[in-house]
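Chemist: Provided below are the primary sequence and the corresponding predicted coordinates.
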Amino acid sequence: MSASATAVATSRASARTRRFRTDIQALRAVAIGLVVLNHLWPDRVPGGYVGVDVFFVISGFLITGHLLSETESTGRVRLAAFYARRIRRLLPAALTVVFVTLLGVWLLLPFTRWTDNAVQALASVFYVENWTLAALSVDYSAHNAASSAVQHYWSLSVEEQFYLVWPLLVLAASAAAVRAGRESGRRRLLLIVVATVAALSFAAAVAYTAGSPAQAYFVTFTRAWQFAAGAAIALLPWGVLGRLNAVAAAMLAVAGFAGIAVAAFVFGPETPYPGVAALLPVLATVAVIVAGTGRRAPLWGIARLTDARPVQWVGEVSYSLYLWHWPLIVLTPFVIGAPLSLWSRIGILAVALVLAWGSRRWIEVPAQRARWWRGTGRAFAGAGAMMAVVSLVALLLLGGAASRTATAEAAQDPGGACVGAAALADQARCDPSAPVLDPVVTQADAYFALAPECGDLGDDLVFDGRQTTRECDFSDGGAGPRVWLVGDSHAEQWQAAVFPIAREEGWQLTISSFPGCPPADVAFVGFDSAWGPADYLRCRDWSAALSDEVAAERPDLVITSMAARQQLIDDGSGRPMQEQFAEGLRRTWSRWTESGSAVVAIADTPLNGDVRDLDCLLLNPQSPDACAVPRAAAMPPDPVSLAAKDPLAGLWSADLTSLLCDETDCFAAVGGEPVFYDADHLSSVYASTLSDALRDVVDDALEASSGAQP
């Protein structure tokens, strides 16, 4: 390529990516608006999360254009200078918000929330929050945890990982073109690389979303194609992008903005994402950028909207607005002492806009212009210092959480004649709605109660690489009853009620559980959006293997429970799901009773997180009845209760709902004790207060079973 040709190409690349683009600023405004509205009003803007996709495409376009301009003018990419610019642009505001948020967590949130926030703050500081959330999404109990105040940093983590890798890819492709003696083909080679990355990443996104949607949403390789889509625009030949006339370009831009709007209002939490559905917002964003690329004049009449000062201002503060809005949403209920209302949400929006303006004016812009860290070395040193300070605050919060938790657990005493379920059982003497003395639920309340009698898991008790069974010997060397507790985590939540009985009666107890999976002969098709086809099949295989093992072992008693209100069944017959579920349960139970075992089926517990604010008790400790919800809402049909309704020899029903609800309402606290540990499970402390009621059913079942045996 001649010197003049290089100069022309460079000037055109610079013109396309460095001239101020009001349409891209408008895209930023739309993107941040959708994200914020989705977080504040998820029912009104259910697909507002596509704003993140818009940001990714914009980043791919702008960064690739800058890198391309540098390589075409100098033949190289100054990596250190590039990363220093990113540091000055992004880190000061991001780390300031993490620092302030950690202080807010310490001052406002209960100490049981400190650990998650501290860990995720550390992940955010080092830009690996997306991988942290992907790992947590695999954990069933973590799925029910409250959101951290820095959870939104996952998308910034993805973006920073792109900034880290993409310049290296551009540099490698450029060097390959030079070595091949085809420097003029640099752009073409880069386009091939980008297309390859996009194809591989999109295929991975579709496959991973189908198999493990919860993890797929966060991981970097399922999002790389969105950056690549933007990069491709920067690499397309100038002539291709300049052929549209003004009217056609305006129509393309309108179609692009409309496509983003459709995705925001049509998509929702159940949309498989970021699979095929993500094509709509990504291609719509591409359309808007293409429509405005290479044009000196504004795009026809659409410029009246995109160039409007309020739109441009929101785009200008979009980065800081993204940083501030989510911590405000998480912390505000603890400031006002109530769940978010319409007016408090409007207030959050107003405060977030003010903070974004201030952050932009006094942090973002000065940090980019400050002379003292213009040098590359100073930028890296400054970044290290800021990250160290924020990390230290997170570690201090983590240590404080451990100390407070240990103190609370040591002081915990669930005993008392009117504590927990005893208050509903004896309302003549007790007050079920007594104030909650300690609404903070600690790890000691976790649904998976522990007992020293339960040994380590053995290699022979592993299913598909997962240890699902453990043995607990309460017999002290004797020949006590052999009992199995089987189910999912809703069976594990009964351990705290089962262990006292097992200890007193000398049981040889086997516990076999698979989180989210029902032990039943049913066509299981999932628990929630985190489950994919591989999970369905693994669950069905486990359930069949468990049924075989229990029938072969012939224990004296099988106690079973599961999250039957939430698990999804579909055998293709079109019959009601509860009917299919109940029939499958009875097939499994019949097999066990026919082998000689008694079966106690525990009715599923009421819903919690789906029907009430998880922070309600923290906000209303003196009036826990404010957290009660109608029984009809908390107790959708329960297939376990339906299956246990009809007589079956050897089957006993344990429905303890009367110790969780009255005739009209289900409670978040009873007798001064929180009922639930998280969004989904009883706390082990409250479950222990249900032990006597469960014992009545268990004793009858064991007595009948022993009497029936020869």
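Modeler: Okay, I see it. Numbers count the residues shown, from 1 in each chain.

Chemist: all helices of the stretch 301-450 of the chain, in order?
Modeler: Under the criterion DSSP state H, counting those that start in this stretch, helices of the stretch 301-450 of the chain are mapped to 303-306, 309-316, 318-336, 342-359, 365-369, 376-411, 421-425.

Chemist: make a markdown table out of those helices and add mean pLDDT and mean neighbour count.
Modeler: Quick note: C-beta positions are derived from backbone N, CA and C, even for glycine. Converted to a markdown table, the helices of the stretch 301-450 of the chain look like this (pLDDT from 0 to 100; neighbours: other Cβ atoms under 10 Å):
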| stretch | mean pLDDT | mean neighbour count |
| --- | --- | --- |
| helix 303-306 | 82 | 16 |
| helix 309-316 | 96 | 16 |
| helix 318-336 | 96 | 22 |
| helix 342-359 | 97 | 16 |
| helix 365-369 | 91 | 13 |
| helix 376-411 | 88 | 16 |
| helix 421-425 | 88 | 22 |
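
Chemist: residue 75: which of those helices is closest?
Modeler: Among these, helix 376-411 comes nearest to residue 75, with 19.5 Å by Cβ to Cβ.

Chemist: from the contact counts, what lies against that closest one?
Modeler: helix 79-108, helix 114-125 (3 or more Cβ pairs under 8 Å, 6 or more residues apart in numbering; DSSP states H and E).

Chemist: hang on, the earlier thing: same list, the helices of the stretch 301-450 of the chain, but as a markdown table with distance to residue 98 please.
Modeler: Listed next are the helices of the stretch 301-450 of the chain as a markdown table, based on distance: least, Cβ to Cβ, whole Å:
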| stretch | distance to residue 98 |
| --- | --- |
| helix 303-306 | 32 |
| helix 309-316 | 22 |
| helix 318-336 | 9 |
| helix 342-359 | 13 |
| helix 365-369 | 15 |
| helix 376-411 | 5 |
| helix 421-425 | 42 |
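
Chemist: mind listing what residue 650 touches?
Modeler: Residues counted as contacts of residue 650 (Cβ atoms under 8 Å, 6 or more residues apart in numbering) are 592-594, 597-599, 704-705, 708.

Chemist: try residue 617
Modeler: 436, 439, 624, 627, 668-669, 674.

Chemist: flag whichever of those scores worst on pLDDT.
Modeler: Least confident of the contacts of residue 617 in the model: residue 439, at 81.

Chemist: and that residue, how many neighbours?
Modeler: 23 (other Cβ atoms under 10 Å).

Chemist: ok, it touching residue 623?
Modeler: No - using Cβ atoms under 8 Å, residue 439 is not in contact with residue 623; the gap is 11.3 Å.

Chemist: mind listing the helices for the stretch 601-710 of the chain?
Modeler: With DSSP H, counting those that start in this stretch as the criterion, the stretch 601-710 of the chain has helices spanning 616-619, 631-634, 639-645, 684-688, 691-708.

Chemist: need phi/psi at residue 470.
Modeler: Residue 470 adopts backbone torsions of phi -140, psi 160, taken as degrees, to the nearest 10.

Chemist: in space, what's closest to the residue nearest in space to the middle of the chain - neighbours in sequence excluded?
Modeler: In the chain, the centroid-proximal residue (Cα atoms, centre = their mean) is residue 137; its distance is 5.7 Å. If the residues on either side of it in the chain are set aside, residue 137 comes closest to residue 214, at 3.7 Å by Cβ to Cβ, 6 or more residues apart in numbering.

Chemist: same question for residue 426.
Modeler: Using Cβ to Cβ, 6+ apart and skipping the chain neighbours, the partner closest in space to residue 426 is residue 418 (7.2 Å).

Chemist: what of residue 471?
Modeler: Residue 471 sits nearest to residue 510 (Cβ to Cβ, 6+ apart), 5.3 Å away.

Chemist: can you pull the phi/psi pair for the one you found?
Modeler: phi -110, psi 130.

Chemist: ok, what's across the strand from it?
Modeler: In this entry, residue 510 is beta-bridged to residue 471, residue 484, by DSSP bridges.

Chemist: which ones are touching it?
Modeler: 469-472, 482-485, 553, 555.

Chemist: go with 10 Å
Modeler: Contacts for residue 510 (Cβ atoms under 10 Å, 6 or more residues apart in numbering) come out as 454, 461, 469-473, 482-486, 549-550, 553, 555, 558.

Chemist: can you tell me how far it sits from residue 681?
Modeler: Here residue 510 is placed at a distance of 21 Å from residue 681 (Cβ to Cβ, to the nearest Å).

Chemist: wait, residue 492 sits on residue 561?
Modeler: Yes - using Cβ atoms under 10 Å as the test, residue 492 is close enough to residue 561 to be in contact (8.9 Å).

Chemist: what residues do those two have in common as contacts?
Modeler: 485, 513.

Chemist: quick revisit: single out the most deeply packed of the helices of the stretch 601-710 of the chain.
Modeler: Most buried of the helices of the stretch 601-710 of the chain, by mean neighbour count (mean count of other Cβ atoms under 10 Å): helix 684-688, with a mean of 26.

Chemist: could you dump that helix to CSV, C-alpha only?
Modeler: C-alpha atoms of helix 684-688 as CSV (Å, rounded to 0.1, in the frame of the first residue of the first chain):
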residue,chain,number,x,y,z
SER,A,684,-32.9,-25.8,60.5
VAL,A,685,-33.8,-24.0,63.8
TYR,A,686,-37.4,-23.8,62.9
ALA,A,687,-37.4,-27.3,61.4
SER,A,688,-36.1,-28.6,64.7
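
Chemist: how about the strands in the protein?
Modeler: 462-463, 466-467, 469-473, 482-487, 508-513, 524-526, 557-561, 568-569, 598-602, 629-630, 651-654, 665-666, 669-670, 673-674 (DSSP state E).

Chemist: which one of these lies closest to residue 375?
Modeler: The nearest among these, by Cβ to Cβ, is strand 466-467 at 52.0 Å.

Chemist: quick one: mean pLDDT over that closest one.
Modeler: Mean predicted confidence for strand 466-467 is 61.
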